[in-house]
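Chemist: need coordinates for the below:
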Amino acid sequence: MLAAFPHAMPVEGLIGGLGIGVAAALMLLGLGRIAGVSGLAARAAGIAAGGSPRGIAIAFVIGLPLGGWIVALMTGGIKTEFPPSLIPLIIGGLLVGYGTRLGSGCTSGHGVCGMSRLSPRSLIATAIFMASGFLTVALMRIGGML
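Modeler: Reported below is the predicted structural model:
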């Protein structure tokens with residue numbers, strides 16, 4: 001089965017998923033707070049008054065790229081590809097930011113933390129995230145972009 005997906009990395013995905021789950025559980029059990037990245041980023045930037053203590057939010061946000069950098073050092077690098085223009089990345093980032101405000105949270109908050117608590121709002125939000133992703137990939141394949 002995996003031969004059909006030469007770039008699949010199920011073990012790495014499992015390890016990453018377990019790491020995310022453990023981090024979310026530690027934050028919820030240790031601090032009583034949800035590990036939603038958009039909320040933590042807003043708190044770290046000082047544009048959200050409530051939520052986790054600002055120091056914890058800043059540490060969390062700094063830890064995201066720092067963790068990626070550490071993994072890159074340990075594994076010899078991570079291959080990335082970006083479009084030649086930054087405009088699609090900027091537009092995508094703005095749309096994601098708008099979507100997280102519109103949806104009262106991001107995929108990490110709803111998908112990891114909210115679903116584990118069986119939050120009805122998070123179950124609906126995650127179903128919409130997933131359906132949107134499936135539709136986007138299907139349309140990109142039809143359009144020859146994938």
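Chemist: ok, now how distant is the residue nearest the centre of the chain from residue 100?
Modeler: Centroid-nearest residue in the chain, with CA atoms, centre = their mean: residue 108, separated by 5.0 Å. For residue 108, the distance to residue 100 equals 10 Å [CB to CB, to the nearest Å]. For the C-beta atoms, the positions are set from N, CA and C on the backbone; glycine is no exception.
Chemist: residue 109 contacts residue 39, correct?
Modeler: Yes: counting by CB atoms under 8 Å, residue 39 is a contact partner of residue 109 at 6.2 Å.
Chemist: beyond the helix or strand harbouring residue 69, next helix or strand please.
Modeler: Element membership for residue 69, per DSSP states H and E: helix 54-75. Next helix or strand after helix 54-75 toward the C-terminus (DSSP H and E): helix 87-102.
Chemist: that following helix: how far from the chain's middle?
Modeler: Relative to its chain's centre, helix 87-102 lies at 13 Å (CA atoms, centre = their mean, to the nearest Å).
Chemist: after that helix, next one along is what?
Modeler: helix 107.
Chemist: before we move on, the earlier item: does the residue nearest to the centre of the chain touch residue 41 like I think?
Modeler: No: the pair residue 108 / residue 41 is not scored as a contact, 10.4 Å apart, by CB under 8 Å.
Chemist: so where is the protein shaky, pLDDT-wise?
Modeler: Applying pLDDT under 70 to the chain flags residues 1-3.
Chemist: find residues that contact each of residue 108 and residue 100.
Modeler: Counting by CB atoms under 8 Å, 6 or more residues apart in numbering, the shared contacts of residue 108 and residue 100 are residue 38.
Chemist: what's the neighbour count on residue 134?
Modeler: Neighbour count of residue 134, defined by other CB atoms under 10 Å: 10.
Chemist: please apply the same query to residue 50.
Modeler: So residue 50, with other CB under 10 Å, has 7 neighbours.
Chemist: for it, helix, strand, or coil?
Modeler: When classified by DSSP: H, G, I helix; E, B strand; the rest coil, residue 50 comes out as coil.
Chemist: nearest spatial neighbour of it, skipping sequence neighbours?
Modeler: Using CB to CB, 6 or more residues apart in numbering and skipping the chain neighbours, the partner closest in space to residue 50 is residue 43 (7.9 Å).
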